[in-house]
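> Sequence and predicted model, in that order:
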Amino acid sequence: MTRRCFVRSMTAGGAALALGQGALQAGVTPPDFASAAKTLSEHRIVRMEARQLQDRYPRFVGKNSHLGAVGWGGGYQVRRVITDQGASGWGMSHVKDDVVAPLIGRSVPNLYDMEQGVSDEARAIEIPLHDLVGNILGKPVYALLGSQGPTSVPIYSGAVYFDDLEPENQPRGVEGVLASCQQDHDVGYRAFKLKIGRGFKWMPKAEGIQRDIDVTRAVRERFPECRILVDGNDGFTVEEFIAYLDGVRDCDVYWIEEPFLETRDDYLKLREFMRTIDCRALIADGESCPRHPPQPTEYGGYEVEFVDHLYALAAEKLVDVFLLDLGTLGYTRWRHLMPKLKAAGILASPHTWMWTPRPIYAAHLAAGLGDVAIVEGIPGKAAGIDYSAFTFANGDLQMPEAPGFGLGLEA
């Protein structure tokens with residue numbers, strides 16, 4: 001089945017029914033659209049302020065199969081949007097001031113529609129606008145989206161890289177990965193995504209695959225109650241990945257991410273082997289694409305052909321979870337895509353690495369629209385951001401009833 005067939009299967013009536021059911025599930029009532037639009041019409045954007053923030057991870061993050069060490073955390077730009085009524089919202093927005101300057105003076109409903117999200121011209125400030133609208137209406141973003149998912153959102157640590165190979169002058173081996181998992185466990189995570197594929201670039205092939213196996217088995221033994229996800233960053237052939245999976249067949253792997261370049265034949269081979277060993281892991285794919293279009297498509301920075309290929313794989317049950325990047329696709333486009341995925345029986349998990357506000361944005365999509373298997377978490381903080389509204393319970397991120405995204409920004 002193609003993407004277009006999936007789109008046709010999503011009816012307006014079904015969407016409305018899901019909205020009503022979800023509101024009861026999450027316990028936070030979505031706003032009345034007509035009343036909300038009237039309230040928003042009283043606000044006009046009069047000022048925007050951009051600033052730079054810097055994340056700090058709790059540890060040095062190492063390599064993955066293709067790339068060198070990540071380091072201690074990345075920098076990024078955020079922007080606060082202020083209205084003539086004194087309301088404000090903020091969020092990541094990487095463009096220069098002159099790109100968004102024409103939006104000053106515009107009314108909020110001219111840029112943001114309660115049912116559709118932001119207009120095309122306002123995509124550069126779509127995160128700040130969602131936060132602003134939530135603050136004006138006194139609703140969390142997930143309520144703006146319909147409150148269709150649970151407010152206890154499964155989340156994993158996405159920061160467990162090849163820490164066995166660090167530091168380069170005195171690598172710690174498997175204990176280095178276990179130490180990273182323990183650090184994340186101590187702050188509340190109960191699921192870890194392990195980077196694998198050491199044999200692609202950093203170790204001899206056979207030795208690298210064996211180290212991937214040893215790391216996975218060691219984490220399973222040390223943390224028997226936790227979920228294990230694995231991510232190859234396309235660092236294997238199908239034969240190599242099957243050799244790895246055979247070595248961890250009793251480790252109850254929850255999730256397999258981008259083991260190799262996504263081809264139908266290779267995924268058919270993988271699925272057949274998974275059946276022989278009774279491996280029920282989800283297969284997640286779609287973060288990385290070979291080319292980006294010169295102009296945004298209906299999928300933002302992803303080519304339509306690439307997403308159509310994912311749909312085709314999903315139609316054959318070869319891919320379970322779409323991983324399109326949160327920023328590359330765009331927040332509003334994710335709002336439009338997720339109901340279509342849900343109707344097609346495909347799970348979602350927007351890719352969030354590597355900036356700490358992005359898991360919060362993705363968690364609001366999960367609580368707002370449902371259909372998210374698990375969210376990629378990023379341990380760490382940026383000076384100037386207040387994350388205190390968010391807590392862990394049994395490894396899940398608890399979504400607060402605070403308005404907007406629930407993240408504070410120091411003046």
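In hand now; what should we look at?
> So which bits of the longest helix along the chain are buried?
In the chain, assigned by DSSP state H, the helix with the most residues is helix 205-222. For helix 205-222, the neighbour count (16 or more other CB atoms under 10 Å) marks 208-220 as buried. (Each C-beta comes from the backbone N, C-alpha and C, glycine too.)
> ditto for stretch 334-353
So for stretch 334-353, counting by 16+ other CB under 10 Å, buried means 334-344, 346-353.
> Next: stretch 304-314.
Result for stretch 304-314 [16+ other CB under 10 Å]: buried residues Phe306, Val307, His309, Leu310, Tyr311, Leu313, Ala314.
> Show me what the longest helix of the chain is packed up against.
Applying 3 or more CB pairs under 8 Å, 6 or more residues apart in numbering; DSSP states H and E, we find helix 205-222 packed against helix 174-187, strand 191-195, strand 227-231, helix 238-247.
> residues in contact with the last one?
Contact with helix 238-247 is made by 196, 199, 205, 209-210, 212-213, 216-217, 232, 236, 253, 256, 259-260, 266, 269-270, 273-274, 277, 279, as judged by CB atoms under 8 Å, 6 or more residues apart in numbering.
> those helices in the stretch 51-200 of the chain, which residues are they?
97-100, 108-111, 126-137, 141-144, 174-187 (DSSP state H, counting those that start in this stretch).
> Report the inter-axis angle for the last one versus helix 205-222.
Between helix 174-187 and helix 205-222, the angle formed by their directions is 40 degrees, by axes from the mean of the first three to the mean of the last three CA atoms, to 10 degrees.
> how far out from the middle of the chain is helix 174-187?
Helix 174-187 sits 22 Å away from the centroid of its parent chain (CA atoms, centre = their mean, to the nearest Å).
> Now do Ile374: how many residues are near it, please.
If you count neighbours by other CB atoms under 10 Å, Ile374 ends up with 24.
> Pull up the gap between it and Ala367, please.
13 Å (CB to CB, to the nearest Å).
> one step back: just the C-alpha atoms of the longest helix of the chain, please, in PDB.
Output in PDB follows, covering the C-alpha atoms of helix 205-222 (Å, rounded to 0.1, in the frame of the first residue of the first chain):
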ATOM      1  CA  LYS A 205      34.700  -6.300  11.700                       C
ATOM      2  CA  ALA A 206      34.500  -9.500  13.700                       C
ATOM      3  CA  GLU A 207      35.900  -7.900  16.800                       C
ATOM      4  CA  GLY A 208      33.400  -5.000  16.500                       C
ATOM      5  CA  ILE A 209      30.400  -7.300  16.200                       C
ATOM      6  CA  GLN A 210      31.500  -9.300  19.200                       C
ATOM      7  CA  ARG A 211      31.900  -6.100  21.200                       C
ATOM      8  CA  ASP A 212      28.400  -5.100  20.200                       C
ATOM      9  CA  ILE A 213      27.200  -8.400  21.500                       C
ATOM     10  CA  ASP A 214      29.200  -8.200  24.700                       C
ATOM     11  CA  VAL A 215      27.900  -4.700  25.500                       C
ATOM     12  CA  THR A 216      24.300  -5.700  24.900                       C
ATOM     13  CA  ARG A 217      24.600  -8.800  27.000                       C
ATOM     14  CA  ALA A 218      26.300  -6.900  29.800                       C
ATOM     15  CA  VAL A 219      23.600  -4.200  29.900                       C
ATOM     16  CA  ARG A 220      20.900  -6.900  30.000                       C
ATOM     17  CA  GLU A 221      22.600  -8.600  32.900                       C
ATOM     18  CA  ARG A 222      23.200  -5.400  34.900                       C
END
